[in-house]
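>>> let's see this in three dimensions:
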Amino acid sequence: MTEKSTRIVLLAKRTEGGDALREILLDVFPKEIPVDFLYMVNLVYEDDKIFEVPLKVFKKTLKLGSVQKIIEIAEFKKEVDCVEIVLDLAKVKKFMTKTSDSLFANVFLDS
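Residues are numbered from 1 along each chain as shown. Here you go, the predicted structure:
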């Protein structure tokens, strides 16, 4: 096995309106992601084999600082090249819209 580090790649499933990850999250790379926002999590091995991690193994959030725990779920002895975390942008956008609408309603009160 090699002594290289595992990459974490944050990807996204586009919304029906065609929004992309960079349009919604800009340059944000979170420390943890609510499970409700996940579309899928894949472990990509050096031989290009892919293992899809069942989302039910995560409780409320996926903590990106504990990548080793994600890798241990697969129980494979191979070297993991990359952890792909795919967000469901429709769910992220819906949450952000609802949150910002609530914020604006508190800031700009109707007279």
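
>>> Gly65: how many residues sit nearby?
Residues within reach of Gly65, counting by other CB atoms under 10 Å, total 9. C-betas here are computed from N, CA, C, even on glycine.

>>> pLDDT score assigned to it?
pLDDT for Gly65: 78.

>>> you'd agree Asn42 is up against Pro54?
No: distance between Asn42 and Pro54: 11.4 Å, which falls outside the contact criterion (CB atoms under 8 Å).

>>> more neighbours: which of the two?
Asn42 (15 against 9).

>>> can you name the next helix or strand after the strand or helix carrying the more buried one?
Using DSSP states H and E, Asn42 falls within strand 38-45. Using DSSP H and E, the next helix or strand after strand 38-45 towards the C-terminus is strand 50-53.

>>> can you list the strands that that next one pairs with?
Take DSSP bridges as the rule and strand 50-53 pairs in its sheet with strand 38-45 (antiparallel).

>>> contacting residues for Lys59?
With contacts defined as CB atoms under 8 Å, 6 or more residues apart in numbering, Lys59 is in contact with Val35.
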